[in-house]
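J.: What shape does this take:
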Amino acid sequence: MNRLELERLSIRGLRVLERVDMEPAPRLNVIWGNNGHGKTSVLEAIYFVATSKSFRTSRIGELVRHGEAAASVKARFVERDGALPALPREQTAAVQGKSVVVRIDGNRPRALVEYATRSPVVVFHPEELTLSSGPAQGRRTLLDRLALFTRPESAEARARYTHALRARHELLRRAAESPRDDTRELDAFEALCAEHGAALTRARAAAAEALVVELQGAFTQIAAPDLALEARYVPGGSADVETAREELARGRKRDAFRASAGFGPHRDELELLLDGHPARVVASQGQHRALTLALKAAETATIAKERGIEPLLLLDDVSSELDPERTGALFSFLALHRGQIFLTTTRPELIRAEDISAEGRRDFRVFRGELDEGAG
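T.: Take a look at the predicted model:
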């Protein structure tokens, strides 16, 4: 498997980081310091320059440092396959107001999805501890991230489906208040919902199938070996366009008085069962943590297989994992990854990495938005 490596990172005006330059180690990079000084912002910058998005907010303007007009991140990525010479490239991402501008070697990519999948990255942060226990939306988002690699066209299908579904809901609301016989506009939007919803269902089904293959092995290594895990995709819509159109038409009267349609991929679920029972209900706190880590390991492995390269792994605030109960699951998770790792912690002395040489690890301290190399 080829490896993706971030060789150089330059951050300007992002969050509390005014000016940060970093030359990471090829395997493990421990970013440490007290809370509130900018550790997570370093990971956010890496994620932003790799994907054009933030894992902390959907309001991209929040990345711009107070008092600055813009935020920018520049990264030098290298793909290594061990046999051929390394293939370096420069990626830049900048935000001004609500606009994002991205470049690869100075050129605009043809589409954002092309940019977002060029240098794959997987992030694990504290909010994702609800991935196995929380609402289905988090698991749908996981499938959508994977679908960018298994079915890249799914991003456009999801956007078009969401737009058409909102338009349908508004038309149904108006019709309930003031009934009318002409349904041509509603028919047209339901046709769009059916077309793009079916495409999204097929893409998520393919992503789920690829994920489940990797999930079983990861869970066995991270969790107790006597626990049986089953994962399956439960579609809320249909992969067949005509079936989807008929179901939407049949549900008009019902959906007019609901917050959302009762049929469609916005109701998809990735069902997780432990010993045949819903994990969301029966799993202990430790089992949820192990299951979430296994899902992230499976996400990483699925992307690696589809893209042909080990993604970067970003782990935020692993200090919350480092008590006697949780340490084993975390380090079992890290042992599964053979690519470059960036993690943040308030306790760097607890980060063990016996299989990584001194040359493969670097420690960086973040203090008041400034980063310096140095062990804790």
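J.: Give me the distance from stretch 138-148 to the chain's centre.
T.: Put simply, stretch 138-148 sits 7 Å off its chain's centre (Cα atoms, centre = their mean, to the nearest Å).
J.: brain fart, stretch 170-190
T.: That offset, for stretch 170-190, works out to 36 Å (Cα atoms, centre = their mean).
J.: So which bits of that stretch are buried?
T.: For stretch 170-190, burial by neighbour count (16 or more other Cβ atoms under 10 Å) applies to 171-172, 175, 186, 189-190. Placement of C-beta: from N, CA and C, glycine included.
J.: ok, now stretch 196-216?
T.: For stretch 196-216, burial by neighbour count (16+ other Cβ under 10 Å) applies to 196-208, 210-212, 214-215.
J.: what's in contact with that stretch?
T.: Stretch 196-216 is contacted by residues 140, 142-144, 146-147, 150-151, 153-154, 157-158, 160-161, 164-165, 229, 231-233, 235, 237-241, 244, 264-265, 268, 270, 294-295, 297-299, 301-302, 305-306 when judged by Cβ atoms under 8 Å, 6 or more residues apart in numbering.
J.: ok, of the buried residues of stretch 170-190, which one's closest to residue 18?
T.: For the buried residues of stretch 170-190, the closest approach to residue 18 (Cβ to Cβ) belongs to residue 189, at 47.3 Å.
J.: Check the burial of residue 119 by counting its neighbours.
T.: Here the number of neighbours of residue 119 (other Cβ atoms under 10 Å) works out to 24.
J.: That one against residue 312, yeah?
T.: Yes - the pair residue 119 / residue 312 is scored as a contact, 7.4 Å apart, by Cβ atoms under 8 Å.
J.: In terms of model confidence, name the weakest of the buried residues of stretch 170-190.
T.: In terms of pLDDT, the weakest of these is residue 175, which scores 91.
J.: helix/strand/coil for that one?
T.: helix (DSSP: H, G, I helix; E, B strand; the rest coil).
J.: give me phi/psi at the residue lying closest to it once chain neighbours are set aside?
T.: Leaving aside its chain neighbours, residue 175 sits nearest to residue 256 (6.6 Å; criterion: Cβ to Cβ, 6 or more residues apart in numbering). Phi and psi for residue 256, reported as degrees, to the nearest 10, are phi -60, psi -20.
J.: Could you identify the helix or strand that succeeds the lengthiest helix in the chain?
T.: Looking across the chain with DSSP state H, the single longest helix is helix 184-222. Per DSSP states H and E, the first helix or strand lying C-terminal to helix 184-222 is strand 229-234.
J.: what is the mean pLDDT for that following strand?
T.: Throughout strand 229-234, pLDDT has a mean value of 96.
J.: circling back to that earlier point, burial count for the residue nearest to residue 175?
T.: Burial of residue 256 is recorded as 15 neighbouring residues (other Cβ under 10 Å).
J.: in terms of contact, does it touch residue 170 like I think?
T.: No - taking contacts as Cβ under 8 Å, residue 256 lies outside contact range of residue 170: 10.6 Å.
J.: Would you mind measuring from residue 215 to residue 165?
T.: 29 Å (Cβ to Cβ, to the nearest Å).
J.: Could you say which helix or strand holds residue 76?
T.: strand 71-80.
J.: Flag the shaky bits of the stretch 51-200 of the chain, pLDDT-wise.
T.: Across the stretch 51-200 of the chain, nothing is flagged by pLDDT under 70.
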